[in-house]
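Student: Could you look at this predicted model? Sequence included:
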Amino acid sequence: MAIADGVCPGFSLEERQKPVINELFRWCMKLPGELDPEKGLWLWGGIGTGKSTLIQVINRFCYEVRPDELIGNNTYTLPFCIRIRRAIDICDLYSEKGAAGIREVVSLDRLCIDDIGTESQVASHYGNAANVVGDLLLRRYDMRYRFQTHATANLTPEEVARVYGSRVFDRLGEMCNFVYYPGYTHRPGIRLS
């Protein structure tokens, strides 16, 4: 819990989140369980449940417990590290730099696309429109044996298929463990009834 407190002071779990957390930490330690440790994690659930915080906790925990390993094209071992990029920022990168901006993230060894579904579905660079996140996921699929792709989303798997298309969604099953993270929003504020 010290790692979680370091990421988010006061981090707490609901009782129904504990079995999911146990499976996620089995994945982190590459122990047998329901999740394939060779695939990335796709954390989905309601708004404010702590998915983005959880991926940061997983990143720190894996850094502590996993040995250094060869990744991608590297000839030397590296410690575990997930590069977390918000979907909206990836789209902004495309709008600023075009294909060169996407190349900056497409080949990251372990990439987490945070808050998938919050970005504009089409981004433009000098009139060249693209579904940046959908295209990025397809490119990451082609490198799935070298690089891991992770994501957080409020979208259900059905909504992911609808938003990004069946071609993208079909490939995600090979790339990621879909993990439902239950819970209520941890953010203070107005509650909808």
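Tutor: Arrived safely, thanks for sending.

Student: What is the burial count for residue 51?
Tutor: 23 (other Cβ atoms under 10 Å). (C-beta placed from N, C-alpha, C; glycine too.)

Student: ditto for residue 167
Tutor: Using other Cβ under 10 Å, the number of residues around residue 167 comes to 12.

Student: most centrally placed residue in the protein?
Tutor: residue 151 (1.9 Å; Cα atoms, centre = their mean).

Student: name the helices or strands packed onto the helix or strand containing it?
Tutor: Using DSSP states H and E, residue 151 falls within strand 148-153. Secondary-structure packing of strand 148-153 (3 or more Cβ pairs under 8 Å, 6 or more residues apart in numbering; DSSP states H and E): strand 40-44, helix 51-65, strand 110-116, strand 176-180.

Student: rank those by pLDDT, which is bottom?
Tutor: Among the helices and strands packed on strand 148-153, helix 51-65 carries the lowest mean pLDDT, a mean of 92.

Student: residues making contact with the helix or strand just after that helix?
Tutor: Per DSSP H and E, helix 51-65 leads on to strand 83-86 as the next helix or strand towards the C-terminus. Outside strand 83-86, the residues within contact range by Cβ atoms under 8 Å, 6 or more residues apart in numbering are 52, 55-56, 59, 105, 108-115, 118.

Student: shaky segments in the protein?
Tutor: 1, 5, 67-78, 120-130, 186-193 (pLDDT under 70).

Student: sorry, back to before: enumerate every residue touching the residue nearest to the centre of the chain.
Tutor: 40, 41, 42, 43, 112, 113, 114, 116, 176.

Student: Adding neighbour count and distance to residue 12, write these out as TSV.
Tutor: Below are these laid out as TSV (neighbours: other Cβ atoms under 10 Å; distance: Cβ to Cβ, whole Å):
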residue	neighbour count	distance to residue 12
40	22	26
41	25	21
42	25	23
43	25	17
112	25	22
113	26	26
114	22	21
116	25	25
176	22	26
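
Student: That concludes my questions; thank you for your assistance.
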